[in-house]
Structure formats: C-alpha cells, structure tokens
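Participant: coordinates only, sequence not included:
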C-alpha cells in the first residue's frame, strides 16, 4: 500500500508559478514510478508528467513541456511538480499517482497507476 498526499495548490495569476508536492508513505522502498495528472471541470483526467523511480527519466505532456518540471527526492519520499508560466487553461485539480508495477517504463495512462492522492486545486486567473 502507498498513501499519497498532495499539497501546494492555490490561486495564482497567469504567468505565475507554483510548486506541488506529493508525499508518499506506506512502502519502505521508493522504487516505483510517480506521475502527475490533472482534471479540469467537465473534462477528463489528463496526464501531466511522470518520473522514473531513480529520477533518471521524465516524461511530459506536450501541453506542459518546457513549463513544468517533475522531480523527486527519494530520501524524503516526495515528488514535486514545479509549474512555471501558468495559464488559465492549467486550472484543474492535480493528482499524484504511483505505478508500483513498473520500474523502467513511464506510462501516461492513468489506468496503469495503482495508487492516487486526494488532489490539490490549482486555479490560474487571467
């Protein structure tokens, strides 16, 4: 079992930045892929970014590439999502998720992830 708790969401003006955190607990090992997803009102959940267990590879959705950065600190069992140049279309509930079955492959399909956090709201005003 992995418990995930997101934090760091809030209200920001367009062009601003936020850093989301996702604290993991429940497993002694951090050898699993972590991902960030988001869901805007009336829209389906969409992939944002993923990071390999060792931080050696990352994967981004085209919509956030160059603006968002995913990272992890395994000593703290925490994954981060640094979001820069935020736009109103980035407004959504952001979720972190853990894929404990794959070490080397990064997935963008949320159905491949085993554990989810409760989400944190990000609102970008124009």
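Facilitator: That came in fine, so what should we check first? Computed from a predicted structure; not experimentally measured.
Participant: Only C-alpha atoms from now on, for both contacts and neighbour counts.
Facilitator: OK.
Participant: center of this protein - which residue?
Facilitator: Centre of the chain computed as the mean C-alpha position; nearest residue by C-alpha atoms, centre = their mean is residue 36, 2.2 Å away.
Participant: Just want the phi and psi numbers for that residue.
Facilitator: phi -120, psi 140 (degrees, to the nearest 10).
Participant: Show the low-confidence segments of this protein, by residue range.
Facilitator: Residue ranges of the chain with pLDDT under 70: none are present.
Participant: That one: strands as residue ranges?
Facilitator: Using DSSP state E, the strands assigned to the chain run over residues 3-7, 10-13, 18-25, 33-39, 46-51, 58-60, 68-73, 78-83, 92-99, 115-116, 120-125.
Participant: Now do the contacts for residue 82.
Facilitator: Residue 82 makes contacts with 17, 18, 19, 20, 68, 69, 70, as judged by C-alpha atoms under 8 Å, 6 or more residues apart in numbering.
Participant: Cool, thanks, talk later.
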